[in-house]
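**Q** Pasting the sequence and the predicted model now:
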Amino acid sequence: MTRGNKVSISHPTMNQTLPYQHQTFNRRLFLQKTALASFAAVLSACSQLRRRTATQKVLHMALLSDTHIPADRTNTYRNFKPWQNLERTVPEIVAAAPEGIVICGDAARLEGKTEDYKELQLLLEPLRKSMAFHIGLGNHDDRANFLAVFNNLTANRAPVQSRYITVLEHQAVRIVVLDSLLYPNKTPGHLGREQRNWLASFLTAANDRPVVLFLHHTLGDGDGDLLDADRLVSIVRRHRHVKAIFYGHSHEWKITRDHGVALINIPALGYNFKDSEPVGWVEARFQSNGVNLELHPLTGTTQWQKQTRFVPWT
């Protein structure tokens, strides 16, 4: 006799086998349903993964600073040759195949001469067809001479006539390259009221994704730092979507934080000031939740060889 779906084997009659056949059918149906449910779960997981992948695009960039390219290719400082350093670096960047390049100021050797920028343009020529250029201006640059040579870099330029500012739009992040040049071959930097007002308005409107800022000068209170750094910091603190500030000037490789904002000091490519600092460039992969930074030291100290660090946004 049967109790529910169980079969008693003491009386194997025809009537008693019917529930067993029914049970076999239910088990087969159950297995089919389970397989279909598992397959549906796999499809759902794949769909979710595709959606996450679509929203987690990565912006791959090459970051350089203080290239100090001279008109004289043999120019040497502290036994470093800036022209040859960039010449050696360009093939590395070509091999890495980033989407764009940022040079964080002091592109020229000392006074931002036209001949300096012509040499820089020549060295960067292998990159021009495959990636976007964003070149910030520092205290060893000359704005007029730079724009005379790089006169085709007008795309994505901000409408601030007195300064050269560019914006890179990407699904994961916005990059704003500011202009902190005050006077050529004078150490201090300054953004100025017009640039600060533009930045404050821009950040208010562009608040739908993380923003990172690039400028040349350090943010201390010394005579050779950014003279209006306190006003820049005040703007940044009002806009929590500003996640990082990249800068050069000090020829150091350093990552710190201030009020949750990552402060990333890009090493110089031309030469270092201290033997303990690397000379090289940084490969960056920006995501919606942070940036992965890989140092490519060209020369200088070897302790930094292929250092990789993920800097999360807070």
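**A** On my side now, so go ahead. Numbering: from 1, shown residues only.
**Q** per-residue confidence averaged over stretch 219-228?
**A** Mean pLDDT, stretch 219-228: 97.
**Q** Pull the residues that contact it.
**A** Under the contact criterion Cβ atoms under 8 Å, 6 or more residues apart in numbering, stretch 219-228 has outside partners 180, 182, 187-192, 196, 215, 217-218, 229-230, 232-233, 245, 247, 249, 263. Using the backbone N, CA and C atoms, a C-beta is placed for each residue, glycine as well.
**Q** quick one: low-confidence ranges for the chain?
**A** 1-56, 154, 301-302, 304 (pLDDT under 70).
**Q** residue boundaries of the helices in it?
**A** Under the criterion DSSP state H, helices of the chain are mapped to 14-55, 82-96, 114-128, 143-149, 193-205, 229-237.
**Q** domain ranges for the protein?
**A** Using automatic domain parsing, the domain parsing of the chain gives 1-55, 57-312.
**Q** Can you tell me which of those domains is packed in deepest?
**A** Counting by mean count of other Cβ atoms under 10 Å, domain 57-312 has the highest mean neighbour count of the domains of the chain, with a mean of 19.
**Q** is Phe214 in a bridge, and if so with what?
**A** Taking DSSP bridges as the rule, Phe214 bridges to Val177, Phe246.
**Q** gap between it and Arg128?
**A** Separation of Phe214 from Arg128 (Cβ to Cβ, to the nearest Å): 20 Å.
**Q** swap in Leu153?
**A** Relative to Arg128, Leu153 is positioned 10 Å away (Cβ to Cβ).
**Q** how close does the closest residue to Thr204 other than its chain neighbours get to His296?
**A** The spatially closest residue to Thr204, leaving aside those adjacent along the chain, is His239, at 7.2 Å (Cβ to Cβ, 6 or more residues apart in numbering). Separation of His239 from His296 (Cβ to Cβ): 31 Å.
**Q** same thing with Tyr247?
**A** Taking Cβ to Cβ as the measure, Tyr247 falls 19 Å from His296.
**Q** just Lys57 next, same as before
**A** Lys57 sits 23 Å away from His296, going by Cβ to Cβ.
**Q** now Gln303
**A** For Gln303, the distance to His296 - Cβ to Cβ - is 14 Å.
**Q** Check Tyr77 too.
**A** 21 Å.
**Q** do the same with Leu215
**A** Separation of Leu215 from His296 (Cβ to Cβ) stands at 22 Å.
**Q** Okay, and the beta partners of His60?
**A** Where His60 sits in a bridge, its partners, by DSSP bridges, are Arg285.
**Q** so it touches Ile101, yeah?
**A** No: using Cβ atoms under 8 Å, His60 is not in contact with Ile101; the gap is 10.6 Å.
**Q** could you list every residue that touches Ile93?
**A** Ala62, Ile101, Leu127, Trp281.
**Q** Swap in 7 Å and give it another go.
**A** Neighbour list for Ile93: Ala62, Ile101, Leu127 [criterion: Cβ atoms under 7 Å, 6 or more residues apart in numbering].
**Q** and if you look at Asn265?
**A** So Asn265 contacts Tyr247, Ser250, Glu252, Trp253, Lys254 (Cβ under 7 Å, 6+ apart).
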